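Undergrad: A predicted structure for the sequence below; I have some questions about it.
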Amino acid sequence: MNDRISQLLKRAPGPAPVVAEGWVRTKRESKTVCFLELNDGSCLKGLQVVVDLETFADAAVLGRITTGAAVACTGELTASPGGNQDVELKASSITLHGEAPADTYPLQKKRHSLEYLREIAHLRARTNTMGAVARVRHAVSYAVHSYFNEKGFYYVHTPIISTSDAEGAGEMFQVTTFDLDNIPRSEEGTIDYAQDFFGRKASLTVSGQLEGETYALALKNIYTFGPTFRAENSNTKRHLSEFWMIEPEMSFCTLEGDMAIAEEFLKYVFSYVLEHCAEDMAFFSQWVEKGVAETLRTVVEKPFVHMTYTDAIVELEKNNDKFDFPVKWGSDLQTEHERYLTEQVCKGPVIVTDYPKEIKAFYMKLNEDGKTVRAMDVLVPRLGEIIGGSERESRLEVLTERMTSLGLDPADYWWYLDLRRYGSVPHAGFGLGFDRAIQYITGMQNIRDVIPYPRAAKQADF
């Protein structure tokens, strides 16, 4: 394989021939010289290719090269007299691999709106913005795996097809092989799922947590990192129907340990991005969200404040006149409340704990007061909640009673309850929405612009 453009830009000038492969971003011509800007996605900056028209042998090929064309340029790296780059490629030959006719190619040398780019998602990765998002997304993925590997966690692949609703909200995509025009029914007229592929009702998973717990109670510390699905008809800048989740689970761990790992994890990932994606972060700070890199540094450098939900409500109630949705004890916190806590009250990241049981999931451990659960949400400036987690309920009787009170049939979760019957231990975990984290890191305003092919209500193109 030939060197990437990011590598060529760091090399010293020299007579040794090199090959630069990529797509043409711009083409400028004078009477004697043609300049091509070549980019292969390895970095934000392109490589300038200089063609001497008086000596270049294949003028016909050069005439067919336009913005978007795929080429391989052979030549030598020379010192660049311009101030935008240290080196440029003096081309001796060019191979045109793929043309991009100017009258039909939808990306030209101008700023395209993000709304327009969503309509051509198969080509938008060739733009500066989407290329930078892709590189940061890769870097964050790598950092996630690196962190957990260094901490002794095992990566577990949990199923995408599931027969249990981990969140208990019912917003799941059903999986079936039934002929929808001829669905088999029982004598009572209900759908006969015994005749379906899995012999029972099945759906796409909303979380790998429950299955992840089974491995945490064998391998001690595990994490999942995979796609999850939510059939929530929310047409907002923060919601997707298909998104990626990172969910660690830790045995012999309480809420306090859960919070410590969540804070350390975020600081590790953000530090990695700031160190390894400096060029792209500078681009986001200049063109997308002013000061986005400084926001990340704040999260990395400041200790996270801890406060209970009850204390948070007290602070928020003092300022209810500032909110669209005034709060009281028992209210679910909205983004405006979470941002106020981080940006005005604590001036930095906050972990809120011990939420009312009525607004949290069935698997969270009940506190001794009988009213709250050992839950925690990590809140960060500019976004609000970025991580949600809890100590899990490890007591069989309490968990069974909690399921029943919420209308869940314990028989559907028999295997999950077995974890409490056999060798139960205190354990905890959390979930980080990967795409929402990328949105936060880059400052992108719409979550549909940080995933290659967004899936949302009435949107499943490409």
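TA: Structure received. Residues are numbered from 1 along each chain as shown.

Undergrad: excluding covalently adjacent residues, which one is nearest to Ile387?
TA: Distance criterion CB to CB, 6 or more residues apart in numbering; nearest residue to Ile387, sequence neighbours excluded, is Val378 at 3.8 Å. The way it works is simple: take the backbone N, C-alpha and C, and place the C-beta from them, glycine included.

Undergrad: now do the SS call for that neighbour.
TA: strand (DSSP: H, G, I helix; E, B strand; the rest coil).

Undergrad: list the contacts for it?
TA: Applying CB atoms under 8 Å, 6 or more residues apart in numbering to Val378 gives the contacts 259, 262-263, 266, 304, 349-351, 385-389, 430.

Undergrad: from those, which land in strands?
TA: Val350, Ile351, Glu385, Ile386, Ile387, Gly388, Gly389, Phe430 (DSSP state E).

Undergrad: now neighbour count too, for these, in a markdown table please.
TA: Output for these, formatted as a markdown table (neighbours: other CB atoms under 10 Å):
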| residue | neighbour count |
| --- | --- |
| Val350 | 22 |
| Ile351 | 21 |
| Glu385 | 18 |
| Ile386 | 20 |
| Ile387 | 23 |
| Gly388 | 17 |
| Gly389 | 26 |
| Phe430 | 23 |
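
Undergrad: and which of these is nearest to Asp332?
TA: Lowest distance from Asp332 to the ones in strands among the contacts of Val378 (CB to CB) belongs to Glu385, with 10.7 Å.

Undergrad: am I right that Arg382 sits in a helix?
TA: No - applying three-state DSSP, one finds Arg382 to be coil, outside a helix.

Undergrad: quick one, what contacts Gln7?
TA: Ser42.

Undergrad: part of a strand, is it?
TA: No - using three-state DSSP, the assignment for Gln7 is helix, not a strand.

Undergrad: picking up where we left off before, run through the bridge partners of the residue nearest to Ile387.
TA: Ile351, Ile387 (DSSP bridges).

Undergrad: got a pLDDT number for it?
TA: pLDDT for Val378: 98.

Undergrad: equivalent analysis for Gly170, please.
TA: pLDDT, read off for Gly170, is 64.

Undergrad: how far off centre is stretch 158-166?
TA: What separates the centre of stretch 158-166 from the centre of its chain is 20 Å, taken as CA atoms, centre = their mean, to the nearest Å.

Undergrad: with just CA atoms, put that stretch into CSV.
TA: The C-alpha atoms that make up stretch 158-166 are tabulated as CSV, following Å, rounded to 0.1, in the frame of the first residue of the first chain:
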residue,chain,number,x,y,z
THR,A,158,-24.7,-9.3,23.2
PRO,A,159,-27.6,-10.3,20.9
ILE,A,160,-29.2,-7.8,18.5
ILE,A,161,-32.4,-9.9,18.5
SER,A,162,-34.0,-10.1,21.9
THR,A,163,-37.2,-11.3,23.6
SER,A,164,-37.0,-9.0,26.6
ASP,A,165,-37.4,-5.2,27.0
ALA,A,166,-34.5,-4.0,29.1
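
Undergrad: what's that stretch in contact with?
TA: 172, 175, 198, 200-212, 224, 226-227, 361, 363, 412-413, 416.

Undergrad: rerun that using 7 Å as the cut-off
TA: 172, 175, 200-212, 224, 226-227, 412-413 (CB atoms under 7 Å, 6 or more residues apart in numbering).

Undergrad: put the buried members of those into a ChimeraX selection.
TA: The buried residues among the contacts of stretch 158-166 can be selected in ChimeraX (16 or more other CB atoms under 10 Å) with this line:
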select :172,175,202,203,204,205,206,207,208,209,210,211,212,224,226,413
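
Undergrad: let's have the ones in strands among the contacts of Val378 in a markdown table, adding pLDDT and distance to Thr404.
TA: Formatted as a markdown table, the ones in strands among the contacts of Val378 follow (pLDDT from 0 to 100; distance: CB to CB, whole Å):
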| residue | pLDDT | distance to Thr404 |
| --- | --- | --- |
| Val350 | 97 | 34 |
| Ile351 | 98 | 30 |
| Glu385 | 95 | 29 |
| Ile386 | 96 | 33 |
| Ile387 | 97 | 29 |
| Gly388 | 97 | 24 |
| Gly389 | 98 | 24 |
| Phe430 | 98 | 26 |
